[in-house]
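> okay, here's the prediction I keep looking at, along with the sequence it came from:
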Amino acid sequence: MEKILDNIFIVLVEPKNPGNIGAVARAMKNMGIGNLRLVNPVGYKDHEEQKKLGYRSQEIIERSREFGSLSDALGDISLVFLATTRKGKWKKDFILPSRAAEMIIERSGKEKIAVVFGREDSGVTIDESQMANYFIRIPSAVNYPSLNLAQAVMLMVYEIYIHTGAAAMDLAFPKRAEKNKYDRLAENIWSLMKSLDFREEDRGLFHRSLRRALNRTHWTNADIAVFDRACKQVRWFIENRNQKIPEAK
C-alpha cells in the first residue's frame, strides 16, 4: 500500500491561505499520502496558522516542493486529475471522486499521479485546465458549491485511502461466536424463562423470536459468556431467595 500511496501527489495552485496549506497537510497525513507540491504559494512553512492547522503533519510541510508554474509541478507526472466545480468548453466529462480514486489506485502502482486543486478564489485558468487528463466534480446539495480547499482535499484523499482496501481491514468484525454457543444461550434463556413460570409452549412465538433476535447479533464468545453468567446469577437468586442470607459483620 505504501508504494501505491507514494506515487500520489497533491498539487495546490497558488494557495493564498497558510492555514489551508496546514489543514491540507493534516488531511494528507491522516490518509497516508505524503507528497505535497505547491505552485507559487503564499509563505507558509513558518506561519503560525499553518503550524496550528497542520498539527503533527509538519514532516509533509518540510518535504513539500514549490514550483513556478503548474506545468513545472507536473513535469514528471504521468496522469493528472483536476478537482473543479466549474464547467466550460474545455472542461467536460466529469467523474465523481469515488471513480477518480478507483482509477488512481488502479494505476498508481506504476505511474506518478497528481490530484490538482486550483486557487481558493478563482480555480485554474483555461491553459492550466488543459493539462488535466480527467476532471473531478464533487457533488453538492447547493446550486453554487464552494468547498473550502482543505475540505476538498480531505474528501479526495479519503476516497483514495478507502480504495486501497486498508480501511476495510481496520474495520473487520471480531470473530463471531460459534453456532452451538448461540444455541446454548438460547436454551439457557428459555430454561430461565420457564423457571419463572413463563406460560408458553416450547418452540412457541417467544422461543422463535428469541432465536431470530440472537441470529441478528454479531457477538463474540466473550459476549455470549456475559449473558450466560447473567442467566446463572438470576437462576441462583431464584433458587436461594427463600433462604436467609447471613448478615455481613
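Sure thing, it's come through.
> would you mark the buried spots in the helix ranked longest in the chain?
Longest helix in the chain, counting residues (DSSP state H): helix 221-240. Within helix 221-240, the residues that count as buried by 16 or more other CB atoms under 10 Å are D223, I224, C231. For the C-beta atoms, the positions are set from N, CA and C on the backbone; glycine is no exception.
> quick check: domain ranges of the protein?
Using automatic domain parsing, the domain ranges for the chain come out as 2-170, 179-240.
> quick one: average confidence on the first one?
The average pLDDT within domain 2-170 is 91.
> any chance you could map the helices in the chain?
Ranges of helices in the chain, per DSSP H, are 2-6, 18-30, 48-53, 58-63, 70-73, 97-107, 126-129, 149-164, 166-170, 179-195, 205-215, 221-240.
> was I right about L149 contacting D121?
No. If you go by CB atoms under 8 Å, L149 and D121 don't touch, sitting 10.2 Å apart.
> look at those two and report which has more neighbours.
More crowded of L149 and D121, by other CB atoms under 10 Å: L149, with 21 against 8.
> how near is the nearest residue to that one once chain neighbours are set aside to A100?
Excluding the flanking residues, the one nearest L149 by CB to CB, 6 or more residues apart in numbering is N20, at 4.6 Å. Relative to A100, N20 is positioned 21 Å away (CB to CB, to the nearest Å).
> also I113?
Distance from I113 to A100, by CB to CB: 10 Å.
> G75 too?
From G75 to A100 the distance is 22 Å (CB to CB).
> between the two, which is the more surrounded one?
A100 (25 against 9).
> apart from its neighbours in sequence, what residue is nearest the more buried one?
I136 is the one closest to A100 (CB to CB, 6+ apart), at 4.7 Å.
> my guess is the one you found contacts S98. True?
No. Checked against CB under 8 Å, the pair I136 and S98 is beyond contact range at 9.9 Å.
> ok, the two, which is more surrounded?
Between I136 and S98, counted using other CB under 10 Å, I136 has the larger neighbour count: 25 against 13.
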